[in-house]
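Enquirer: the amino acid sequence is not available; the structure is as follows:
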């Protein structure tokens with residue numbers, strides 16, 4: 001499928017992005033192994049949601065939708081009846097994580113603690129993504145894991161249980177890696193301690209602590225420890241995804257006549273790197289109605305046309321903006337001066353090589369952008385022209401090119417635009433909603 005986006009005369013309106021994927025996944029996993037029952041509302045949408053729910057149900061988790069079937073967003077409610085720490089069952093079939101890296105990595109940590117055999121795999125793209133960073137610490141804890149290329153690639157076969165705690169220094173700052181170890185460590189016989197090289201999103205440890213886990217961490221420290229724990233079920237209202245919101249933030253910043261309100265966005269400090277970068281660039285962004293949902297801070301974000309300046313993005317902030325770097329590269333095209341993105345080699349092993357995919361697409365639209373081994377160099381020109389670009393079957397690239405089409409002159413055609421449905425099925429509808437030029 002392809003989608004053609006026209007340059008918009010104005011951008012205005014209010015948008016509520018889907019529920020946060022990271023929080024949705026963790027609420028489903030942790031409540032599935034807790035004692036009691038919980039309701040989770042505003043669960044994330046798209047293929048990744050189907051992947052996590054399918055894997056958990058394949059393990060015997062009791063998850064049912066209690067709202068009408070055609071309900072989505074805040075009014076959609078799932079009930080999860082917890083199995084307890086040892087209540088999951090051996091799957092009859094291979095578990096399929098689809099395209100979801102979060103699903104395969106977090107579920108692997110959960111499976112490492114189970115005293116049964118299981119196999120987990122994914123689609124063609126996911127089977128090319130690195131798994132060694134996950135399997136290595138889980139094997140050190142006592143789980144038996146095999147996979148292609150010596151455990152580096154899925155499918156992974158896992159025989160778990162009888163784990164011991166470890167002291168582990170993470171080679172990269174990764175919330176997925178950290179979460180996999182914490183899920184296994186919660187079932188280990190002795191304490192597990194993790195040392196991060198830099199901060200990464202902290203949804204797992206926040207939720208575990210709120211549900212009664214013996215987890216210790218400090219927002220000012222890079223060390224986390226967890227001991228054997230039992231969880232109590234907890235209702236969760238999932239805030240809207242800041243990664244999904246970032247596309248509309250940057251559309252508003254870059255367009256010459258824009259004012260957009262993005263409602264109920266999660267502003268967890270471990271996730272607000274994109275906001276920090278945009279404010280450093282001079283973005284006209286404000287927050288209203290700051291509150292809290294299920295222990296996660298939220299706010300409405302108002303973004304208006306901005307005079308952006310160049311920025312250098314690298315170092316410790318990279319793990320906190322890794323998903324938003326493609327759309328931040330688009331913002332840099334409209335910033336005055338030379339912007340540099342570095343220390344982001346991780347982008348090359350996402351759903352696509354996001355460095356090459358971003359550079360190729362934006363260059364096709366007239367950007368002065370070049371790739372480096374671990375990032376990009378962008379000379380802001382303040383303009384793009386229409387053209388035909390590829391999504392590379394990557395949802396974030398598809399959406400980045402869609403926003404580029406709104407702010408480029410002429411028409412922009414995105415090939416394989418359906419990739420956006422992986423995380424944001426209503427993206428193209430909402431793009432039309434805020435574009436005055438495209439309204440009937």
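Expert: Alright, I've got the coordinates. Only a predicted model underlies this, so the values are computations on that prediction, with no experimental measurement involved. Numbers count the residues shown, from 1 in each chain.

Enquirer: secondary structure element holding residue 182?
Expert: Here residue 182 sits within helix 175-185, counting by DSSP states H and E.

Enquirer: what's the answer for residue 325, then?
Expert: Using DSSP H and E, residue 325 falls in helix 325-333.

Enquirer: also residue 4?
Expert: strand 2-6.

Enquirer: which strands and helices sit next to that strand?
Expert: Strand 2-6 makes packing contacts with helix 395-407, strand 411-415 when contacts are defined by 3 or more Cβ pairs under 8 Å, 6 or more residues apart in numbering; DSSP states H and E. C-beta here means a position set from N, CA and C on the backbone, and glycine is covered the same way.

Enquirer: outside of stretch 351-361, which residues touch it?
Expert: The contact list for stretch 351-361, computed with Cβ atoms under 8 Å, 6 or more residues apart in numbering, reads 99, 101, 125, 325-326, 329, 344, 347-348, 369-372, 374-376, 389-390, 392-397, 400-401, 404, 422.

Enquirer: among these, which ones are buried?
Expert: Neighbour-count burial (16 or more other Cβ atoms under 10 Å) applied to the contacts of stretch 351-361 gives 99, 101, 125, 325-326, 329, 344, 347, 369, 371, 374-376, 389-390, 392-397, 400-401, 404, 422.

Enquirer: avg pLDDT for the helix holding residue 325?
Expert: The pLDDT scores in helix 325-333 average 98.

Enquirer: what's the angle from it to helix 395-407?
Expert: Per axes from the mean of the first three to the mean of the last three Cα atoms, to 10 degrees, the angle that helix 325-333 makes with helix 395-407 is 20 degrees.

Enquirer: parallel or antiparallel, which strands does the helix or strand that helix 325-333 is followed by pair with?
Expert: Under the assignment DSSP H and E, the closest C-terminal helix or strand after helix 325-333 is strand 338-341. Applying DSSP bridges, strand 338-341 is found paired with strand 312-313 (parallel), strand 375-379 (antiparallel).

Enquirer: what helices and strands are in contact with the helix or strand following the shortest one?
Expert: If I follow you right, that is strand 312-313. Using DSSP H and E, the helix or strand that follows strand 312-313 towards the C-terminus is helix 318-321. Applying 3+ Cβ pairs under 8 Å, 6+ apart, one finds that helix 318-321 contacts helix 273-280.

Enquirer: what are the contacting residues of stretch 48-57?
Expert: 21, 24-25, 28-29, 32, 43, 63, 95-100, 102-103, 107, 120, 122, 422-423.

Enquirer: how much space between the residue nearest to residue 88 when sequence neighbours are not counted and residue 355?
Expert: Excluding the flanking residues, the one nearest residue 88 by Cβ to Cβ, 6 or more residues apart in numbering is residue 59, at 4.5 Å. Plainly put, residue 59 is 36 Å away from residue 355 if you go by Cβ to Cβ, to the nearest Å.

Enquirer: again with residue 129
Expert: Distance, residue 129 to residue 355, using Cβ to Cβ: 15 Å.

Enquirer: equivalent analysis for residue 164, please.
Expert: When residue 164 is compared with residue 355 (using Cβ to Cβ), they lie 39 Å apart.

Enquirer: which of those two has more residues huddled nearby?
Expert: A direct count of neighbours by other Cβ atoms under 10 Å for residue 164 and residue 355 places residue 355 higher, at 24 against 13.

Enquirer: which stretch of helix or strand covers the more buried one?
Expert: helix 354-364.

Enquirer: now do the following helix or strand past that helix: which elements does it pack against?
Expert: Next along the chain after helix 354-364, taking DSSP H and E as the criterion, comes strand 368-372. Packing contacts for strand 368-372, counted by 3+ Cβ pairs under 8 Å, 6+ apart, involve helix 325-333, helix 354-364, strand 375-379.

Enquirer: rebuild these as a markdown table, extending it with distance to residue 13.
Expert: Converted to a markdown table, the helices and strands packed on strand 368-372 look like this (distance: least, Cβ to Cβ, whole Å):
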| stretch | distance to residue 13 |
| --- | --- |
| helix 325-333 | 19 |
| helix 354-364 | 25 |
| strand 375-379 | 28 |
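
Enquirer: compare those and give me the one nearest residue 91.
Expert: helix 354-364 (31.8 Å; Cβ to Cβ).

Enquirer: what average pLDDT does the closest one get?
Expert: pLDDT averaged over helix 354-364 gives 98.

Enquirer: the spatially closest residue to residue 336 that is not a sequence neighbour and residue 331: what is the separation?
Expert: Closest residue to residue 336 apart from its sequence neighbours, by Cβ to Cβ, 6+ apart: residue 309 at 5.2 Å. Using Cβ to Cβ, residue 309 is found at 11 Å from residue 331.

Enquirer: settle it for me: which of these two has more neighbours?
Expert: Using other Cβ under 10 Å as the criterion, residue 309 and residue 331 rank with residue 331 on top: 28 against 15.

Enquirer: and the residue nearest to the more buried one when sequence neighbours are not counted, helix, strand or coil?
Expert: Distances taken as Cβ to Cβ, 6+ apart place residue 250 nearest to residue 331, at 4.7 Å, with adjacent residues excluded. Here residue 250 is recorded as helix under DSSP: H, G, I helix; E, B strand; the rest coil.

Enquirer: next, the contact list for residue 250, please.
Expert: If a contact means Cβ under 8 Å, 6+ apart, then residue 250 has 278, 327, 328, 330, 331, 403 as its contacts.

Enquirer: and it, how far from residue 257?
Expert: Taking Cβ to Cβ, one finds residue 250 at 15 Å from residue 257.

Enquirer: now do residue 271
Expert: To residue 257, residue 271 is 29 Å away according to Cβ to Cβ.

Enquirer: much appreciated, bye for now.
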